[in-house]
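Student: Mind looking at a prediction? Sequence and model below.
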Amino acid sequence: MKEVTATGQNVEHAVNAALEQLNSSKEEVDIQIIDEGKKGIFGLFGSKPAVVHVQLKPDPVDTVVEYLHGIIEKMGYAPKIEVEKSDQTIKLNITGENLALLIGKRGQTLNALQLLTQLTANRMIRHHVKVMLDVGDYREKREQSLKLLAERLAARVAKTKRSIRLEPMPSFERKVIHSALAKNNKVATFSEGTEPNRYVVVALAGTEHGR
């Protein structure tokens, strides 16, 4: 049951009756007052009950998933989207066949889809949540690839004494590079540039830069 019309001695009683039927709170519903009712003489004669229509608000997470599903369908796919949510994070995993185009070169398409979904979530959900979008286990493989890349670049910088600038990456990928080399005392990492073209630089330890 997502909506109900209820009556009561007054609007408050009618709303409470509707909330009880929906097993919800006022914050979770939209309330439309159809009739404010009438007390009548001595509260008896000519009285008229208040009538309200109460409807559950759409679940914001469901709305975000529906939005993402619509975008992917327009790209020619009919995927399944698995949802894992908490107070701070919404993890969405797209599964199906032949989804490589949803990932794109080095995850660029996937990152763009994640950004669009994040913006939608920011509009729909009152408190800030972080959206993490994945296709299969791509993110895990990408993280391992970035860690290996970080180690190789660190070795090259230590050998050549020359800094290396990586390609632009989203913040969560830059964080992987920073974390992978955080304990390496031969090199330092820092980010430069402005979004969405911000990138990581791997340099010799002691280079005067801030992240």
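Tutor: Looks like it arrived, so ask away. Since this is a predicted model, take the numbers as computed values, not measurements. Numbering: from 1, shown residues only.
Student: ok, the most centrally placed residue in the chain - contacts?
Tutor: Centrality entry for the chain: nearest residue to the mean C-alpha point is Val131, 2.5 Å, by CA atoms, centre = their mean. Contacts for Val131 were tallied using CB atoms under 8 Å, 6 or more residues apart in numbering; they are Val64, Thr89, Ile90, Leu92, Gln114, Thr117, Gln118, Ala121. Glycine gets a C-beta too; all of them are placed from N, C-alpha and C.
Student: Which of the residues you listed has the largest number of neighbours?
Tutor: Per-residue neighbour counts (other CB atoms under 10 Å) across these peak at Val64, which has 25 neighbours.
Student: circling back: could I get the contacts of Val131 as TSV with pLDDT, distance to Arg198 and secondary structure?
Tutor: Listed next are the contacts of Val131 as TSV, based on pLDDT from 0 to 100; distance: CB to CB, whole Å; DSSP: H, G, I helix; E, B strand; the rest coil:
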residue	pLDDT	distance to Arg198	secondary structure
Val64	90	25	helix
Thr89	90	22	strand
Ile90	92	23	strand
Leu92	94	24	strand
Gln114	93	16	helix
Thr117	93	20	helix
Gln118	92	16	helix
Ala121	89	22	helix
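Student: Which member of the residues you listed is positioned nearest Leu166?
Tutor: Closest approach between the contacts of Val131 and Leu166, by CB to CB: Gln114, at 19.4 Å.
Student: now that closest one, nearest residue through space, not along the chain?
Tutor: In space, not counting the residues next to it along the chain, Gln114 is nearest to Leu133; the distance is 3.9 Å by CB to CB, 6 or more residues apart in numbering.
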